[in-house]
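J.: my questions are about this predicted structure, shown below with the sequence.
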Amino acid sequence: STGACFSSFFFMATIKKISDDRVMEFARSRAGIKTWIEEVLSVKLSPNLHYDLKNGVVLCFLMNELDPTLVPLVEKPDQPLRAKQNISAFLKAAQDYGVPAFRLFEVSDLWEGTQLVLVIECIIEVSRIAHSKGFQIQYEPASVDPELSQDEIVLIKKQMTTIKVPTNQRFGISESLMRRKLSYLAGDPQKLEKLERAVTQLQVSWKGQKARKEFVMRARAAAYRKRVIDELLATETDYVRNLDLCVKIYLNPLKEGAKKGKGLISSEDIHIIFSDVETILMCNQQFLMSLQDKVSKWTPCQCIGKIFIDMSHYFKVYANFVVNFSRSAQLINKLSKKSSAFANYLKDCHDRPEMKKLDLPSLLIMPVQRIPRYSLLLKDILKSTWKDHPDHDDLVVARDKVDEVATYLNEKKREAENIASYLKLTENFVFNKDTKQIVNGSRKLLKNGNMMNEKGKEVAIFLFNDVIIWGRCKRRDLIVKEVIPIEDAVIDVCANVKKLEFGFQLAKKEKVSARFFCKSDQERGEWV
């Protein structure tokens with residue numbers, strides 16, 4: 001059914017009822033809000049506040065200082081239309097920030113200066129909301145009465161009389177009741193038809209206003225979307241440039257020296273330090289070209305999601321580099337201390353003008369950070385891409401695929417760290433053909449401890465997430481006696497043996513392998 005909603009308003013006062021004290025209260029508020037804006041933006045405004053606010057630039061910067069995502073694009077106010085677009089952008093930002101509709105003003109109110117009282121009240125409301133959200137700089141009215149001419153006092157009073165405050169009374173009318181009321185008002189069918197046409201035109205006007213509002217919202221989203229994509233392009237350009245310098249300035253001379261047998265470091269060390277940086281560079285050069293092509297033909301409906309979808313599989317070439325990064329950093333540090341020639345080489349490269357003071361570790365950490373950065377940028381782009389935009393669905397897929405790559409890289413890194421940790425832990429383990437070591441990237445140590453076996457000899461037991469390893473301690477080594485898969489292991493309490501107490505037995509597929517005796521019942525309880 002079609003419904004109609006009506007809001008009733010009442011005028012606050014006539015000029016005669018507005019006292020000079022109330023005008024002076026407003027003047028103090030205006031002076032206070034001027035000071036607040038100056039403190040927030042660290043600028044000095046002129047005595048004519050209307051002149052400073054008229055083009056909307058100060059207001060847009062003010063909102064972005066409170067929340068950088070509120071105004072995506074501040075127009076250069078060299079034309080009235082662009083200045084009015086800035087004012088519209090401020091009003092939309094203020095609404096999104098929480099300013100109620102009755103506190104908002106019209107663009108013409110500020111542009112033409114016909115309702116500066118409402119403009120000031122709107123900004124004061126913004127300051128109050130900012131304070132409620134934890135913004136540190138707080139608005140306070142001026143403590144001293146500003147000087148006002150008689151003409152200014154009259155103008156303020158006049159503007160105050162036109163401010164409308166909403167009542168809380170709202171009601172709806174059903175279509176049938178509306179027709180009965182129209183019929184009663186019209187008195188005859190011909191007049192009723194005219195009234196129905198008038199109501200229809202009113203509905204069309206309302207729908208047009210709604211469409212214009214939607215257009216403004218999309219224009220704002222499109223501007224923010226373009227700003228994020230410009231950031232993506234700028235950072236990608238810098239990233240590829242820096243990787244190219246890493247290869248040309250740092251890597252290539254070292255490789256050439258190693259080939260001639262006069263290298264500062266060995267080919268093996270070069271590979272450990274730089275890993276797959278050349279492959280990553282080629283991958284991202286291709287990605288950058290695709291991105292530049294799209295941005296060079298930019299329109300609000302341009303799509304970039306497909307680029308990420310196509311490249312997501314190739315981003316997995318980062319895996320070896322990410323896994324190797326810690327080892328690379330350690331080796332650079334070790335070689336710099338060991339070889340003064342290598343340390344001087346790194347310094348000479350660092351001091352070259354084109355390097356802009358970027359050292360080798362700073363360059364090598366960039367690929368580690370890049371994939372997570374893509375993930376954040378894609379989420380930001382998707383946030384400002386409306387659902388019926390042609391790029392929306394591809395961006396959703398692209399975001400998920402890049403997140404999958406990030407997860408894959410983290411898993412590979414975690415596996416490498418687990419393997420390194422396991423190998424370090426077991427470097428003094430002595431395995432034999434029956435207890436051969438099988439390295440598993442997902443293996444994690446859960447618990448270990450030293451105790452006595454039933455012969456009174458010291459043994460050690462290591463509980464991992466997939467196996468139990470135990471053996472006899474011999475000086476600094478552990479002679480591994482058994483490696484039992486966790487799914488085959490059974491641990492249970494066993495009886496005391498001579499003076500040995502608090503025992504438990506370890507069985508493999510119900511066949512007892514060994515018995516261990518702890519120092520206390522509490523320690524045994526941690527194992528059983």
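T.: Done, it's in.
J.: now stretch 29-47: how far from the chain's centre is it?
T.: Here stretch 29-47 is found 31 Å from its chain centre; the criterion is C-alpha atoms, centre = their mean, to the nearest Å.
J.: contacting residues around it?
T.: By C-beta atoms under 8 Å, 6 or more residues apart in numbering, the residues outside stretch 29-47 that reach it are 49, 52, 58, 61-62, 65-66, 120-121, 123-124, 127, 137-142, 146. Where C-beta positions appear, they are placed from N, C-alpha and C, glycine not excepted.
J.: in that stretch, which residues are buried?
T.: For stretch 29-47, the neighbour count (16 or more other C-beta atoms under 10 Å) marks S29, R30, A31, G32, I33, K34, T35, W36, I37, V40 as buried.
J.: wait, which of the residues you listed is closest to I265?
T.: Taking C-beta to C-beta as the measure, I265 sits nearest to V40 out of the buried residues of stretch 29-47, at 53.5 Å.
J.: can you list phi and psi of the closest one for me?
T.: Phi and psi for V40, reported as degrees, to the nearest 10, are phi -70, psi -40.
J.: then whatever helix or strand S108 lives in to PDB, C-alphas only?
T.: Assigned by DSSP states H and E, S108 falls within helix 107-111. Only the C-alpha atoms of helix 107-111 are listed here, as PDB (Å, rounded to 0.1, in the frame of the first residue of the first chain):
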ATOM      1  CA  VAL A 107      24.000  24.400   0.400                       C
ATOM      2  CA  SER A 108      22.600  27.800  -0.300                       C
ATOM      3  CA  ASP A 109      22.400  28.600   3.400                       C
ATOM      4  CA  LEU A 110      26.200  28.700   3.500                       C
ATOM      5  CA  TRP A 111      27.000  29.700  -0.100                       C
END
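J.: pull out the buried positions in whatever helix or strand comes next after it.
T.: Next helix or strand after helix 107-111 toward the C-terminus (DSSP H and E): helix 116-132. Within helix 116-132, the residues that count as buried by 16+ other C-beta under 10 Å are 116-127, 129-130.
J.: the stretch 201-350 of the chain: helices as residue ranges?
T.: Assigned by DSSP state H, counting those that start in this stretch, the stretch 201-350 of the chain shows helices spanning 252-259, 267-274, 277-296, 305-312, 318-338, 340-351.
J.: run the angle between the second one and helix 252-259 for me.
T.: Between the axis of helix 267-274 and that of helix 252-259 there is an angle of 160 degrees, by axes from the mean of the first three to the mean of the last three C-alpha atoms, to 10 degrees.
J.: what's the answer for the longest one, then?
T.: Between helix 318-338 and helix 252-259, the angle comes out at 70 degrees (the same axes, to 10 degrees).
J.: ok, now the fourth one?
T.: For the pair helix 305-312 and helix 252-259, the angle between their directions (the same axes, to 10 degrees) equals 20 degrees.
J.: likewise for the last one?
T.: An angle of 150 degrees separates the directions of helix 340-351 and helix 252-259 when computed by the same axes, to 10 degrees.
J.: show me what helix 340-351 is packed up against.
T.: If you count contacts as 3 or more C-beta pairs under 8 Å, 6 or more residues apart in numbering; DSSP states H and E, helix 340-351 packs onto helix 318-338, helix 360-364.
J.: pull out the buried residues from it.
T.: So, applying 16+ other C-beta under 10 Å, buried residues of helix 340-351: F342, Y345, L346, C349, H350.
J.: can you tell me the SS state at I491?
T.: Three-state call for I491 (DSSP: H, G, I helix; E, B strand; the rest coil): strand.
J.: any idea how far S143 is from it?
T.: I491 is 77 Å from S143, where distance means C-beta to C-beta, to the nearest Å.
J.: more neighbours: those two, which one.
T.: Neighbours were counted for I491 and for S143 using other C-beta atoms under 10 Å; I491 has more, 15 against 8.
J.: close enough to count as contact, the more buried one and W527?
T.: Yes. Between I491 and W527 there is a contact under C-beta atoms under 8 Å: 6.4 Å.
J.: helices and strands of this structure: which one bottoms out on pLDDT?
T.: None of the helices or strands of the chain scores lower by mean pLDDT, DSSP states H and E than strand 4-11, at a mean of 34.
J.: so what sits against both of I491 and W527?
T.: With contacts defined as C-beta under 8 Å, 6+ apart, the residues adjacent to both I491 and W527 are F504.
J.: coming back round to it: just put the helices and strands packed on helix 340-351 in TSV and tack on distance to L288 and mean neighbour count.
T.: Shown next, in TSV, are those (distance: least, C-beta to C-beta, whole Å; neighbours: other C-beta atoms under 10 Å):
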stretch	distance to L288	mean neighbour count
helix 318-338	16	16
helix 360-364	17	18
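J.: could I get those helices as CSV with distance to R220?
T.: Below are the helices and strands packed on helix 340-351 laid out as CSV (distance: least, C-beta to C-beta, whole Å):
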stretch, distance to R220
helix 318-338, 35
helix 360-364, 37
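J.: for V240, find the nearest of these.
T.: Closest of the helices and strands packed on helix 340-351 to V240 is helix 360-364, at 12.1 Å (criterion: C-beta to C-beta).
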